[in-house]
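# Please work out how this folds:
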Amino acid sequence: MNRYETPRVPGEARIRYLDADFQILSPGTFVRCAVTGQTLPLDELKYWSVSRQEAYADAQAALSRYQECGNTP
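I've put the predicted structure just below:
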């Protein structure tokens, strides 16, 4: 582990979010929602931001972050 990285919970994956797909950088079984902190199993991951490289639990959390960053739908 790089000393500048934050320690991960065992089982938490590191992901690179791509357009319509994601790449697993470090294996794990879940990621955390950037808005709610909820754990999301990788097989249920449906919402993420490529530009912010963060995952969301649902469409409402994604919209909330989108608006929080000064964007309007």
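
# contacts and neighbour counts: CA atoms only from here.
OK.

# Show me the residue at the heart of the chain, geometrically.
For the chain, the residue nearest the mean C-alpha position is Ala55 (2.2 Å; C-alpha atoms, centre = their mean).

# so what's that one closest to, chain neighbours aside?
Nearest in space to Ala55, with sequence neighbours left out and distances taken as C-alpha to C-alpha, 6 or more residues apart in numbering, is Trp48 at 4.2 Å.

# That neighbour should be in a strand, yeah?
Yes. Under DSSP: H, G, I helix; E, B strand; the rest coil, Trp48 falls within a strand.

# returning to what we had before: ok, then the element right after the host helix or strand of the residue nearest to the centre of the chain?
For Ala55, the element it lies in under DSSP states H and E is strand 54-56. Next in sequence after strand 54-56, counting helices and strands by DSSP H and E, comes helix 59-68.

# Show me which residues of that next one are buried.
Within helix 59-68, the residues scored as buried using 16 or more other C-alpha atoms under 10 Å are 61-62, 65.
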